[in-house]
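> Let's see this in three dimensions:
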Amino acid sequence: MIRIIALTPMGRDLGEKLQVKWPDAALEYKPKPFADTVRKSFQQGDSLIFICATGIVMRTLAPVLQDKYQDPPVLVLDEEGTFVIPLLSGHEGGANDWGAQVANYLNAQLVMTTAKPYLNPVFTLGMGCERNCPLEYLEELMLSALAEKGLTPSDIHSLNSIDIKADETNLINLANKYGWPFLTYSAEQLRTIEALLSTKSEYIFKTVGVYGVAESAALYGAQSETLSQSELHLNKIKNTKATVAIARSFPEL
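Here you go, the predicted model:
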């Protein structure tokens, strides 16, 4: 759930403009009681856009902050829509990417304060599947993953998997359909990034030699493209026949 919180009439007008782009977002103008309302939304995991001073946001949210892996993304905008600041959960929560989308929509300046400068990331897909998995299972899962992160097929650099899937017909067909390279890697290569996995499956390890095909392949593919550290953008999701994950890396300056 996206909540837009505005404290001035100009801020409310800007919030209404944002609702044109994100029609499911809830706009709250001067919510009362302010602190309790905002903290409740934050604690229930709502993605928040504040149109007000940054100091107000920090003082209000300080008592309920946990860490970058659990806190939802928070953006702060000035009432004129000139600047967009990803304030909390920039990388892990997606505030940096979301902030870029908002800034692009408003023709505003994205103000990044995280350690890594905002560059155009390379996104890669990793997939694993049952042998002879039907194309529709792969495609539906892939599109669901992209939609969850606000991406489109044109944002994806490559489709990646383990080398025992190099001849998997419908992984090849999926890549061809969307114009992606289909790249595969050995278990030995994929094990080099196992520390970055969100979960580890002993069953998968005993079966194919890595703790997770989708996440490992996505991470290795992203790292190989930019020669810089990759990170999971979407942890593995699955249906009854396949798994998919999204990774990203940033080109070195």
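> can you map out the strands along this structure?
2-6, 26-29, 47-51, 74-77, 83-88, 109-110, 122-129, 156-162, 182-185, 230-238, 242-249 (DSSP state E).
> so which of the ones you listed comes closest to Glu139?
Distance to Glu139, taken as Cβ to Cβ, is lowest for strand 242-249 among the strands of the chain, at 9.7 Å. Quick note: C-beta positions are derived from backbone N, CA and C, even for glycine.
> partner strands of that closest one, parallel or antiparallel?
strand 122-129 (antiparallel), strand 230-238 (antiparallel) (DSSP bridges).
> Can you say which of these is packed in most?
Burial of the strands paired with strand 242-249 is given as mean neighbour count (mean count of other Cβ atoms under 10 Å); strand 122-129 ranks first at a mean of 27.
> okay if I get the strands paired with strand 242-249 as JSON lines plus distance to Gly81?
What follows is the strands paired with strand 242-249, written out as JSON lines (distance: least, Cβ to Cβ, whole Å):
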{"stretch": "strand 122-129", "distance to Gly81": "27"}
{"stretch": "strand 230-238", "distance to Gly81": "27"}
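> can you put those strands in a markdown table and add distance to Met142 and mean pLDDT?
Formatted as a markdown table, the strands paired with strand 242-249 follow (distance: least, Cβ to Cβ, whole Å; pLDDT from 0 to 100):
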| stretch | distance to Met142 | mean pLDDT |
| --- | --- | --- |
| strand 122-129 | 6 | 96 |
| strand 230-238 | 10 | 93 |
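> of these, which approaches Phe42 most closely?
strand 230-238 (21.5 Å).
> Can I get that closest one as PDB, trimmed to CA atoms?
Provided in PDB are the C-alpha atoms of strand 230-238 (Å, rounded to 0.1, in the frame of the first residue of the first chain):
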ATOM      1  CA  SER A 230      25.700  -7.800  -7.300                       C
ATOM      2  CA  GLU A 231      22.700  -7.800  -5.000                       C
ATOM      3  CA  LEU A 232      19.300  -9.400  -4.900                       C
ATOM      4  CA  HIS A 233      16.600  -7.000  -6.100                       C
ATOM      5  CA  LEU A 234      13.800  -9.600  -5.700                       C
ATOM      6  CA  ASN A 235      14.300 -12.700  -3.600                       C
ATOM      7  CA  LYS A 236      13.300 -16.000  -5.100                       C
ATOM      8  CA  ILE A 237       9.600 -16.500  -5.800                       C
ATOM      9  CA  LYS A 238       8.100 -19.700  -7.300                       C
END
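> ok now it, how far from the chain's centre?
8 Å (Cα atoms, centre = their mean, to the nearest Å).
> who's in contact with that strand?
With Cβ atoms under 8 Å, 6 or more residues apart in numbering as the test, strand 230-238 has contacts from 91, 94, 121, 123-124, 141, 144-145, 148-149, 193, 196-199, 212, 214-215, 218-223, 243-249.
> Repeat the analysis, applying 6 Å as the threshold.
The contact list for strand 230-238, computed with Cβ atoms under 6 Å, 6 or more residues apart in numbering, reads 145, 149, 198, 214-215, 219, 222-223, 243, 245-249.
> Which of those sits closest to Glu79?
So of those, ranked by how close each gets to Glu79 (Cβ to Cβ), first place is Lys149, at 28.8 Å.
> gap between the residue nearest to that closest one when sequence neighbours are not counted and Leu143?
Leaving aside its sequence neighbours, Lys149 sits nearest to Leu234 (Cβ to Cβ, 6 or more residues apart in numbering; 5.3 Å). Counting by Cβ to Cβ, to the nearest Å, the gap from Leu234 to Leu143 is 13 Å.
> now swap in Lys200 and tell me
Distance from Lys200 to Leu143, by Cβ to Cβ: 27 Å.
> List the residues that contact Trp22.
Contacts of Trp22 (Cβ under 6 Å, 6+ apart): Ile2.
> Columns distance to Leu171 on top of the strands of the chain, output as a markdown table?
Below are the strands of the chain laid out as a markdown table (distance: least, Cβ to Cβ, whole Å):
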| stretch | distance to Leu171 |
| --- | --- |
| strand 2-6 | 34 |
| strand 26-29 | 40 |
| strand 47-51 | 33 |
| strand 74-77 | 36 |
| strand 83-88 | 34 |
| strand 109-110 | 35 |
| strand 122-129 | 6 |
| strand 156-162 | 6 |
| strand 182-185 | 6 |
| strand 230-238 | 15 |
| strand 242-249 | 9 |
